[in-house]
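K.L.:
predicted structure and sequence below. I'll ask about it afterward.
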Amino acid sequence: MNRTKNIIISAVAALFFFSACAGVISVRNPKMPKTETAAVERQDLPPVLFEDFESGTLHGSYSYANRVGGASAAYSISVPGTDTARAGEYSAKAVVNTGTDSDWGCGFGASPEAGFVDASGRDAVSLWVNAPPGKTFYVFVNEAGANDADGEFWNSPDQTGTGDWNEYIIPLDEFFRNIYSGNQEGNLNFDTSGIGTVGLQFGGNQGRFEVFVDDIYFIMMKK
């Protein structure tokens, strides 16, 4: 009887062992809080560079403006020795006139050299902007029609210039779909597998000024 009992116990122990090896059972450190264990076990994804402008060229750049209000915008690369990049030698530079129509002013954007980046798994955009203090703008991120992205456009909540270089980190789940531009028959999902354009749009009736943009990355925010 005792022998039979020992055999059964051994069989159960063996089943537990092989099941654990197969991934059926996982054990965490009992001395570590569950939330801390999750943070340690999660493999953070590295940042994905969208553009740092160090090639000295703007790829796929464009600008647009509310002509009715007399607005205008010109997007170009900075001039070393005249303009101060945040890091390295170059940044992007926009010379804007936001016009007199308070509805909207002007915007500008550019693409990476490859046409798009795959930022799958990243949940925020990080970019450095030097805009005059108090000037309001939003960041737009446009999907490319490539790599399973379907060309929808997404806009962030309003941001405010500080008068100096400032890093803006905006969670992608705070963006809302542009209902006027981009694919209006898409899947209604932010497809980070194909990010084609990043830019800024300024509200109208804010005057004339220069704006600098540098070091655009898609990142995984710490939870």
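P.N.:
Arrived safely. Numbers count the residues shown, from 1 in each chain.
K.L.:
what strand or helix carries the residue most central in space within the chain?
P.N.:
Closest to where the C-alpha atoms of the chain average out (C-alpha atoms, centre = their mean) is residue 125, at 2.2 Å. If you go by DSSP states H and E, residue 125 is part of strand 124-130.
K.L.:
okay, now the unreliable bits of this protein?
P.N.:
1-43, 222-223 (pLDDT under 70).
K.L.:
circling back: residue 215 is in contact with the residue nearest to the centre of the chain, correct?
P.N.:
No: if you go by C-beta atoms under 8 Å, residue 125 and residue 215 don't touch, sitting 11.2 Å apart. Where you see a C-beta, it was placed from the backbone N, CA and C, and this is true even at glycine.
K.L.:
burial measure for residue 211, as a count.
P.N.:
Number of residues near residue 211 (other C-beta atoms under 10 Å) recorded here: 21.
K.L.:
may I have whichever strand or helix holds it as CSV, with CA atoms only?
P.N.:
Following DSSP H and E, one finds residue 211 within strand 208-219. The C-alpha coordinates for strand 208-219 follow below in CSV (Å, rounded to 0.1, in the frame of the first residue of the first chain):
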residue,chain,number,x,y,z
ARG,A,208,5.0,85.3,-37.2
PHE,A,209,7.9,83.3,-35.8
GLU,A,210,10.4,80.4,-36.3
VAL,A,211,10.0,76.9,-35.0
PHE,A,212,12.7,74.2,-34.7
VAL,A,213,12.1,70.4,-34.5
ASP,A,214,14.7,67.7,-33.8
ASP,A,215,15.1,64.1,-32.7
ILE,A,216,11.8,62.5,-33.4
TYR,A,217,11.4,59.0,-31.9
PHE,A,218,8.7,56.5,-31.3
ILE,A,219,9.1,55.0,-27.9
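K.L.:
strand 124-130 and that strand, what's the angle between them?
P.N.:
Here strand 208-219 runs at an angle of 150 degrees relative to strand 124-130 (axes from the mean of the first three to the mean of the last three C-alpha atoms, to 10 degrees).
K.L.:
strand 208-219 pairs with which strands, and in what direction?
P.N.:
strand 48-51 (antiparallel), strand 92-97 (antiparallel), strand 124-130 (antiparallel) (DSSP bridges).
K.L.:
mind listing what's buried in that strand?
P.N.:
211-219 (16 or more other C-beta atoms under 10 Å).
K.L.:
list the contacts of the spatially closest residue to residue 218 that is not a sequence neighbour.
P.N.:
Once flanking residues are discounted, residue 218 sits nearest to residue 119: 3.6 Å by C-beta to C-beta, 6 or more residues apart in numbering. By C-beta atoms under 8 Å, 6 or more residues apart in numbering, the residues touching residue 119 are 48, 50, 192-193, 195, 218.
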